[in-house]
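*Asks:* Sequence first, then the predicted structure, then my questions.
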Amino acid sequence: MNQPFDRVFNFSAGPCTLPVEVLEEAKEDLLNYKGVGMSVMEMSHRSKPFEAILAQAEADLRKLLGVPNNYKVLFLQGGASLQFSMAPLCFLGAGQSADYVVTGAWGEKAYEAANLVGATNLAYDGKGINYNDVPKFDTIPLNPNAAYVHFTSNETIHGVQFHSDPTTEAPLICDMSSDIISRPVDVSKYAMIYAGAQKNMGPAGVTVVIIRDDLLEKVPAKMHPILDYRLHAKNGSMYNTPPCWSIYMCGLVYKYILRHGGVAGAQERNLWKSKLIYQTIDGAPEFFKGHAVHHARSTMNVTFTLPNDELTAAFLKEAEATHLDGLKGHRSVGGIRASIYNAFPLDGCQALAKFMWEFATKHA
Ligand code: PMP
């Protein structure tokens, strides 16, 4: 099946495919944004049109996720990776310890960064099982007095996902980079949520931070300004020049999701899409092996392996020839990774499932 304008089906893990509707809108605005006479890329971040873009993006994200009033929504730079350091620098004080629940490579990176800052407790570590599962949160021995508990709701490389919001006594911090706005979440369970934009929200360059007011108050008085959540909140994400274009694009994506049934609509589509591929994996168990155990399977990143490296290489080559692009798995898992975020079309999943059947039949 052809995509418009000969676009390929882009299974990249991020940056990744964006809705064609959104790209069309951006194209329309590119030379002259709503009659202002310039593009969003050329506008002062202090100008009225950009202030309106930022305010609308924040309002729409609040609406999508039902963000309560006692939370600030920030648009920052430095990627989710900066949050790995910024969170402990701001919230892991002397004499405190933070709990880390590590279910994949990204959680591990966050844990390593926190270790440079202060005391941590590796409350759960899935490394021994090559991160193919997620634990039930209520079975993890957490410290109720921890400065915070950190976890990754969806591990992009390993393709494992928590499918419900945990309840914890200590403040809960979640890296939601690869599944934010893909399903409803109860924001009130979290002290802080952060997510890089380049999977479900827009292009790379902006990181969303949703942070509860009481956590903000815990930032030490002397903090480097650029690393100080309080300062970013006080300045409405305009302490320094924000990534204007990326924020504008996120705003268009938020409107797109709102037009298409909100996060509940996105979840329904994501369940269907991922089911198509998982069913194909399960239908040829001698040929395809899913990496994640069933209950931890991600709706965003479907990871699986083939019987050997030669078949994997042939699969990738033939897939690319049929416009199924970006399917190579991360080296730590090997095999195939199909990243099928919100904007990835259903017919792309159908095309992959069909290709998988044909490939398995031919090579079994
Ligand atoms: N967390 C997760 C879950 C990710 O998938 C990624 C990027 N793939 C990151 C953090 C790091 O994001 P960035 O490259 O924007 O720093």
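*Replies:* On my side now, so go ahead. Residues are numbered from 1 along each chain as shown.
*Asks:* CA atoms for contacts and neighbours, from now on please.
*Replies:* Fine.
*Asks:* The residue in the stretch 251-364 of the chain that the ligand sits nearest to bridge partners, please.
*Replies:* Using Cα to the nearest ligand atom, residue 301 is the residue of the stretch 251-364 of the chain that sits closest to the ligand, at 9.9 Å. Residues in a beta bridge with residue 301, per DSSP bridges, are residue 339.
*Asks:* Contact partners for it?
*Replies:* Contacts of residue 301 were listed using Cα atoms under 8 Å, 6 or more residues apart in numbering, and they are 13, 156-160, 337-341.
*Asks:* biggest separation within these, which pair?
*Replies:* 158 and 341 (14.9 Å; Cα to Cα).
*Asks:* wouldn't residue 170 be in contact with residue 189 here?
*Replies:* No - look at residue 170 against residue 189 with Cα atoms under 8 Å: they stay out of range, at 10.5 Å.
*Asks:* In terms of neighbours, single out the busier of these two.
*Replies:* residue 170 (19 against 16; other Cα atoms under 10 Å).
*Asks:* Can you check what pLDDT the model gives that one?
*Replies:* With respect to pLDDT, residue 170 has a value of 98.
*Asks:* In three-state terms, how would it be classified?
*Replies:* Here residue 170 is recorded as coil under DSSP: H, G, I helix; E, B strand; the rest coil.
*Asks:* who in this protein is up against the ligand?
*Replies:* 79-81, 106, 155-156, 175, 177-178, 196 (Cα under 6 Å from any ligand atom).
*Asks:* So which of those residues wins on neighbours?
*Replies:* These, ranked by neighbours (other Cα under 10 Å): first place residue 196, 31 neighbours.
*Asks:* care to break this structure down by domain?
*Replies:* 24-259, 262-363 (automatic domain parsing).
*Asks:* Of those domains, which is nearest residue 7?
*Replies:* Closest among the domains of the chain, using Cα to Cα: domain 262-363, at 8.1 Å.
*Asks:* where along the stretch 1-150 of the chain do the strands fall?
*Replies:* 9-10, 71-76, 97-102, 119-125, 149-152 (DSSP state E, counting those that start in this stretch).
*Asks:* Could you do the stretch 251-364 of the chain as well?
*Replies:* 289-290, 301-305, 324-325, 336-339.
*Asks:* Looks like residue 54 contacts residue 249 (just checking).
*Replies:* No - using Cα under 8 Å, residue 54 makes no contact with residue 249, being 10.4 Å away.
*Asks:* In three-state terms, label the most centrally placed residue in the chain for me.
*Replies:* Note on the chain: the residue nearest the mean C-alpha position is residue 178, at 1.8 Å, using Cα atoms, centre = their mean. What three-state DSSP gives for residue 178 is coil.
*Asks:* For it, give me its contacts.
*Replies:* 153-156, 195-196, 199-200, 300, 341.
*Asks:* Now it: phi and psi?
*Replies:* Main-chain torsions, residue 178, degrees, to the nearest 10: phi -110, psi 10.
*Asks:* Mind pulling the model confidence for it?
*Replies:* Per-residue pLDDT puts residue 178 at 98.
*Asks:* Residue 241 too?
*Replies:* Residue 241 is given a pLDDT of 98.
*Asks:* which residues are contacting stretch 326-343?
*Replies:* So stretch 326-343 is contacted by 10-13, 17-19, 130, 157-158, 178-179, 182, 199-200, 266, 269-270, 273-274, 291, 299-306, 309, 312, 316, 320, 349 (Cα under 8 Å, 6+ apart).
*Asks:* again with stretch 221-231
*Replies:* The list of residues contacting stretch 221-231 from outside it, by Cα under 8 Å, 6+ apart, reads 86, 90, 216-217, 219, 232, 239.
*Asks:* The same query, at a cut-off of 6 Å, please.
*Replies:* 86, 216 (Cα atoms under 6 Å, 6 or more residues apart in numbering).
*Asks:* With stretch 83-91 instead?
*Replies:* Here stretch 83-91 has contacts from 110, 113-114, 219, 227, using Cα under 6 Å, 6+ apart.
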